[in-house]
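S.K.: Next one to model:
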Amino acid sequence: MYIVHLYISYDHNYVGHHGEPAGDHPIVEVDAVECVAGRGLRGDRYFDREKDFKGQITFFSDEVYRSLRERFDTDLEPSAFRRNVITRGVDLNTLIGQEFEVQGTLFYGTEECRPCYWMDQAVAPGAEDAMRGNGGLRARILTDGVLKAD
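M.R.: As a prediction, the model looks like this:
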């Protein structure tokens, strides 16, 4: 797995905003992220969210990002999807229900990071439907480590 981009955000733009406008908390690109087993990414909005939270870290495919960018004829950045790790060269759906290692850190793929209706606002109308089955991967962090963009 090749890491193209890494992101964290200190607060939520969509969670807890149902029926209201999205928040305006930036998602920040970083050179490295600290993965803390069972807790999440230090400094991210989901850090210490709840015990065994299934989305301690999220992954999204650069290939899917590029396909959506072309389909919707937009110059949006990969940060628009608000996932933590943008990857290249792996089918993330094959990691659901599997332990996997990235740069010496172990993860467990819990489920697809299913797109929600906010994607139609963040990306383009129709993005939620276009992303079904390719929304990325939610995972638990099993060992401490640091991920760096390749």
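
S.K.: now for the least confident helix or strand in the chain by mean pLDDT, which elements pack on it?
M.R.: Using mean pLDDT, DSSP states H and E, the weakest-scoring helix or strand in the chain turns out to be helix 118-122, at a mean of 77. Here helix 118-122 touches helix 127-131, going by 3 or more Cβ pairs under 8 Å, 6 or more residues apart in numbering; DSSP states H and E. Placement of C-beta: from N, CA and C, glycine included.

S.K.: Mind listing residues that contact the helix it packs on?
M.R.: Helix 127-131 is contacted from outside by 64, 68, 71, 72, 115, 116, 117, 118, 119, 120, using Cβ atoms under 8 Å, 6 or more residues apart in numbering.

S.K.: 6 Å instead, please
M.R.: 115, 117, 119, 120 (Cβ atoms under 6 Å, 6 or more residues apart in numbering).

S.K.: how many neighbours does residue 72 have?
M.R.: Residues within reach of residue 72, counting by other Cβ atoms under 10 Å, total 14.

S.K.: can you count the residues close to the nearest residue to it once chain neighbours are set aside?
M.R.: Sequence neighbours aside, residue 124 is the residue nearest to residue 72 in space, at 4.0 Å (criterion: Cβ to Cβ, 6 or more residues apart in numbering). For residue 124, the neighbour count with other Cβ under 10 Å is 18.

S.K.: Equivalent analysis for the one 3 residues further on, please.
M.R.: When counting by other Cβ under 10 Å, one arrives at 22 neighbours for residue 127.

S.K.: Residue 99 now?
M.R.: Neighbours of residue 99 (other Cβ under 10 Å): 12.

S.K.: Ok, the one 5 residues further on next?
M.R.: The burial metric for residue 104, expressed as a neighbour count using other Cβ under 10 Å, is 11.

S.K.: Now do the same contact list for it.
M.R.: With contacts defined as Cβ under 6 Å, 6+ apart, residue 104 is in contact with residue 145.
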